[in-house]
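> I'd like to go over a predicted model; first the sequence, then the structure.
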Amino acid sequence: MTITADQSRTIIDATLAKGREMGLKPLSVVVLDAGGHPLAFHREDGAAPGRFEIARGKAYGAVMLGMGGQAQMARAEGQAYFMAAVNGAYGGRTIPVPGGVLVLSDGRVIGAVGVTGDTSDNDEQAALAGIAAAGLEAQP
């Protein structure tokens, strides 16, 4: 299974709605497929233009390593050399903090969502709401 265009749009719309409900700063949301390729992206009005790369970095690290942003951050804190090496191997494209969430179907990774704009923990909460709204499983 893959994330469909409709599911991508639902994830983005529900993530942004959750951010507004929580009173978050303007968010940027990217949905990646299981190969790390962007399926959809949206940057809210008022969000900094560089947020695409941050959102993508959060999601890219999740999908490439098979671990969400929380697990990556814990790994970076415990084994900084490993995450530095991984980031080097991936050309500096990973951002190991919450807000990068794996998307699963029947327990299999089918992509990832990256959210940025507020605190990393708030970004993650918005992403989880978006993934749930699309009827998919999430692993932060």
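Yep, that arrived. Residues are numbered from 1 along each chain as shown.

> Can you tell me what sits against the biggest helix by length in the chain?
With secondary structure taken from DSSP state H, the chain has its longest helix at helix 5-22. Helix 5-22 is contacted by residues 3, 26-27, 29, 31, 39-42, 44, 103, 113, 115, 117-118, 122, 125-127, 129-136 when judged by CB atoms under 8 Å, 6 or more residues apart in numbering. Quick note: C-beta positions are derived from backbone N, CA and C, even for glycine.

> for that helix, what is the average pLDDT?
The average pLDDT for helix 5-22 rounds to 98.

> From the chain's centroid, how far away is the longest strand seen in the chain?
If you go by DSSP state E, the chain has its longest strand at strand 108-116. Computed by CA atoms, centre = their mean, to the nearest Å, the separation of strand 108-116 from the middle of its chain amounts to 5 Å.

> Return the set of buried residues in that strand.
For strand 108-116, a neighbour-count test (16 or more other CB atoms under 10 Å) marks 109, 110, 111, 112, 113, 114, 115, 116 as buried.

> now stretch 7-25
Using 16+ other CB under 10 Å as the test for burial, stretch 7-25 gives 7, 8, 10, 11, 12, 14, 15, 16, 18, 19, 24.

> same check, this time on stretch 37-55
For stretch 37-55, using 16+ other CB under 10 Å, the buried residues are 38-44, 47, 51-55.

> Nearest to residue 97 among these?
residue 54 (9.3 Å; CB to CB).

> Just read off the phi/psi values of residue 123.
As for residue 123, its main-chain torsions (degrees, to the nearest 10) stand at phi -60, psi -40.

> ok, how many other residues are close to it?
Look at residue 123: counted by other CB atoms under 10 Å, it has 31 neighbours.

> ok, and the closest non-adjacent residue to it?
The spatial neighbour of residue 123 that comes closest, neighbours along the chain excluded (CB to CB, 6 or more residues apart in numbering), is residue 99 at 3.4 Å.

> my guess is that neighbour meets residue 69, correct?
Yes - counting by CB atoms under 8 Å, residue 99 does reach residue 69; the two are 5.4 Å apart.

> for the residue nearest to residue 24 when sequence neighbours are not counted, what are its contacts?
Nearest in space to residue 24, with sequence neighbours left out and distances taken as CB to CB, 6+ apart, is residue 118 at 4.1 Å. By CB under 8 Å, 6+ apart, the contact list for residue 118 reads 19, 22, 24, 25, 27, 126.
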